[in-house]
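Visitor: okay, here's the prediction I keep looking at, along with the sequence it came from:
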Amino acid sequence: MLILKRIIHNTIWGGPKISRYTGVEGDSIGHLYSLYCREGISNEILNGPHQGKCLNEVFPLIKHDVGLAQYEYFPLTLALTEAQHNLSIQVHPDDRAANALESRARGKRESWYFIEAPLSGTIINGCTCRTADQMHEMIAQGAFMEMADTLPVQVGDYVFVEPGTLHAITAGSLVFEIEEGADFTYRFYDYDRTDAQGNKRELHLDKATTALNIQLKSAVRRYYDKPIQEKTYSTQLITNTTTADVPAVNIYTNESRTLECFTLVQGTLVADGTSVAPGSTLLLWPGESIDTHGVTLAFVSKTQEDNL
């Protein structure tokens, strides 16, 4: 297994909630990346023969052994994400748009599990406009709040965002986030916020308009003790609750043919002689097991084996 060091990422919309996972005070932490594998930024490995190296260095050495040879970088990004303020109203490209706009083969898909719900009880998801003419008129007028539809969510809800969907998590949300594909975000509207230097963040109206599919809107789902399968990845909720009739199951085994990402969110975990901090991810080899005694909430995520 590989145990990964967490990466703290401060953002203009982040807040203080993630500090309770890190022990590091901060009122603008937007992401706690438990798995990030890109050029220039990646998690450090904390155990084993690759200790001290970063995942983006090691992945090319192991990807052929676990059916991931077609990927330049590890295909999933995992994080705890807090929105103290609304995120920008945005869209991600699908595969076709990513190829046309960025010369990349894959678009960006993402999912959220709501650990804490937004203060409003809703997130931005989908469009109110029903025709291309309405869409172009609203964009020309800058009527992005009017164009944005909403989706009610509560604690324990799971939402998958298909590429091309207008979306944003809103203030108060704390989510476990899964991302897959190219790291492209096109912003329609950012509430005219400015950074410490007084600069507004860049908008991407042309690309966002090209990537947007006004017909798409997400639905809320729940895990119900079984994995949720998406087209390119799957995710499973792990909870260890003991009752008089049903004792907690304390061993988890990777029974797949590829690496599985085991992310601890709440509780305690010791693996390979290392105390694992909340918000951390372990990469488990096929057939590898861990003792989950003490784990309250965790997630297992992996690339769909049908795509290997």
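Guide: Alright, I've got the coordinates. Numbering: from 1, shown residues only.
Visitor: for the stretch 151-300 of the chain, what spans make up the strands?
Guide: 158-161, 167-168, 173-181, 186-189, 220-221, 228-229, 233-239, 251-253, 260-267, 269-271, 274-276, 281-284, 289-291, 295-303 (DSSP state E, counting those that start in this stretch).
Visitor: ok, and which of these has the densest surroundings?
Guide: Stretch with highest mean neighbour count among the strands of the stretch 151-300 of the chain: strand 281-284 (a mean of 26; mean count of other C-beta atoms under 10 Å). The C-beta positions use only the backbone N, C-alpha and C, and glycine is treated the same way.
Visitor: doesn't Glu72 fall inside a strand?
Guide: No. Applying DSSP: H, G, I helix; E, B strand; the rest coil, one finds Glu72 to be coil, outside a strand.
Visitor: right, so of the strands of the stretch 151-300 of the chain, which gets closest to Asn125?
Guide: When the strands of the stretch 151-300 of the chain are compared by C-beta to C-beta, strand 167-168 sits nearest Asn125, at 5.0 Å.
Visitor: now for that closest one, which elements pack on it?
Guide: strand 89-91, strand 122-127 (3 or more C-beta pairs under 8 Å, 6 or more residues apart in numbering; DSSP states H and E).
Visitor: residues in contact with the shortest one: which ones?
Guide: Looking back up the chat, that one is strand 89-91. Strand 89-91 is contacted by residues 124, 144-145, 148, 163-168, 185-190, 208, 211-212 when judged by C-beta atoms under 8 Å, 6 or more residues apart in numbering.
Visitor: of the strands of the stretch 151-300 of the chain, which approaches Tyr71 most closely?
Guide: strand 295-303 (8.1 Å).
Visitor: identify all contacting residues around that closest one.
Guide: Against strand 295-303 from outside (C-beta under 8 Å, 6+ apart): 68, 75-76, 78, 113, 176, 178, 180, 227, 232-240, 252, 256, 258-269, 292.
Visitor: tell me which strands it pairs with, and in which orientation.
Guide: Partner strands for strand 295-303, per DSSP bridges, with pairing direction: strand 233-239 (antiparallel), strand 260-267 (antiparallel).
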